[in-house]
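>>> pasting the sequence and the predicted coordinates here, then a few questions.
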Amino acid sequence: MPRTALAVDVGATKVALALVDANFSVQRKEEILIGSSSSTELWAMINKSAGALVAGLNGSLIGVGIGSAGPIDLVRGSVSPVNIPVWRDFPIVERFRDLSGNQNVVLHGDAMALAHAEHVLGAGRGLTNMLGMVVSTGIGGGLILENKVFLGDTGNTSFIGHQSIDFDGEVCACGRNGCVEFYASGPRMVAYAQSLGWNLGNSFIDLAASARSGDSIAMKAIDHGTRALAAGIINTLASLDIHNVIVGGGVSQAGDIYWTPLRKHVEAESRNVGFLKGKVVLRPAQLNRDAGLIGAALGVLDPQSVLI
């Protein structure tokens with residue numbers, strides 16, 4: 001009988017659900033926009049989509065893998081994504097266990113799921129240590145150390161988006177001052193550009209297009225955001241003495257207009273950290289927008305890959 005996992009990727013603006021087969025191929029996929037939904041409304045939409053996906057599997061479903069924006073709590077099986085305020089201590093593991101008929105449910109952070117997928121199947125193959133990142137509406141990190149997924153005490157290792165890089169900075173949605181995410185996420189780069197007078201759109205896609213056309217404000221906004229991200233990256237690498245970084249998420253797919261300043265600032269930030277100088281390697285994720293779903297499914301379909 002074929003083995004299938006239901007994979008769930010909870011982001012800041014949408015929830016993606018998919019069936020992933022034993023070859024780690026995404027077979028069917030649905031996306032739910034979170035918008036202004038209440039907790040009850042959001043779960044009702046997820047429940048409906050997940051039920052439709054698993055209907056007719058005839059016993060091939062072996063579990064549910066979840067990658068969620070954080071913070072998460074592995075002990076309680078709950079999630080409290082910073083950018084989904086209607087979900088605080090939401091019992092996501094229990095909900096999916098009930099939905100799936102008491103199947104195994106595995107919870108990770110969304111960036112940890114990406115890091116896991118890229119380490120096993122993508123740009124991180126062959127690396128012993130690496131930082132995996134999601135840069136989109138929010139920013140998250142996941143760690144592979146000594147070829148193992150490193151979860152920490154609660155599952156929130158490398159919570160890079162909410163490192164403070166300016167203790168006198170603006171208050172982030174998480175409540176801290178000057179977080180990396182406040183400066184480096186897609187929406188915050190757009191907001192910074194708009195504060196300087198840019199008015200050619202409302203999305204990071206619009207901002208990147210303007211920068212490619214030579215718009216100086218758009219270019220400055222991306223430079224400003226990538227400098228903040230570079231500070232968070234180097235802080236994390238320096239604390240762990242690792243050198244490899246894989247970046248995924250929607251913002252990372254903007255091409256050279258994003259990657260050129262990011263590489264420039266990472267190189268500059270590492271220049272005075274002797275053991276990192278000239279050694280940091282940035283790679284784009286290879287699995288693109290499905291990396292989080294595939295990583296979530298890996299915990300169900302190939303649990304030993306967590307401990308390669």
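Cool, the structure landed.

>>> which strands and helices sit next to the strand or helix carrying His265?
Using DSSP states H and E, the element containing His265 is helix 256-270. Counting contacts by 3 or more C-beta pairs under 8 Å, 6 or more residues apart in numbering; DSSP states H and E, the secondary-structure elements packed against helix 256-270 are helix 204-212, helix 216-240, strand 281-284. For every residue, glycine as well, the C-beta is placed using N, CA and C.

>>> right, and Asn202 touches Val190 too?
Yes - distance between Asn202 and Val190: 6.5 Å, which falls inside the contact criterion (C-beta atoms under 8 Å).

>>> ok, the two, which is more surrounded?
Between Asn202 and Val190, counted using other C-beta atoms under 10 Å, the more crowded position is Val190 (22 against 12).

>>> what's near enough to touch the more buried one?
Contact criterion C-beta atoms under 8 Å, 6 or more residues apart in numbering gives Gly201, Asn202, Ser203, Phe204, Asp206, Leu207, Ala221 as the residues in contact with Val190.

>>> now tabulate the helices and strands packed on helix 256-270 in JSON lines and tack on mean neighbour count, mean pLDDT and distance to Thr13.
Conversion of the helices and strands packed on helix 256-270 to JSON lines gives the following (neighbours: other C-beta atoms under 10 Å; pLDDT from 0 to 100; distance: least, C-beta to C-beta, whole Å):
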{"stretch": "helix 204-212", "mean neighbour count": "21", "mean pLDDT": "97", "distance to Thr13": "12"}
{"stretch": "helix 216-240", "mean neighbour count": "21", "mean pLDDT": "97", "distance to Thr13": "18"}
{"stretch": "strand 281-284", "mean neighbour count": "16", "mean pLDDT": "96", "distance to Thr13": "21"}
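
>>> just so I know, which of those lies nearest Asn177?
Counting by C-beta to C-beta, Asn177 lies closest to helix 216-240 out of these; the figure is 13.2 Å.

>>> which one of the contacts of Val190 is nearest Gly65?
When the contacts of Val190 are ranked by distance to Gly65 (C-beta to C-beta), Phe204 comes first, at 27.6 Å.

>>> thinking again about what came up before, what is the nearest of the contacts of Val190 to Gly122?
Distance ranking of those against Gly122, using C-beta to C-beta, places Phe204 first at 22.6 Å.

>>> quick one: the closest one and Val251 touch, right?
Yes - Phe204 is in contact with Val251 according to C-beta under 8 Å; the separation is 5.7 Å.

>>> need the residues touching each of those two.
Gly186, Met189.

>>> quick one: contacts of the helix holding His265?
Residues outside helix 256-270 that contact it (C-beta under 8 Å, 6+ apart) are 208, 211-212, 219, 222-223, 226-227, 229-231, 233-234, 237, 245, 247, 251-252, 276-280, 282, 284.
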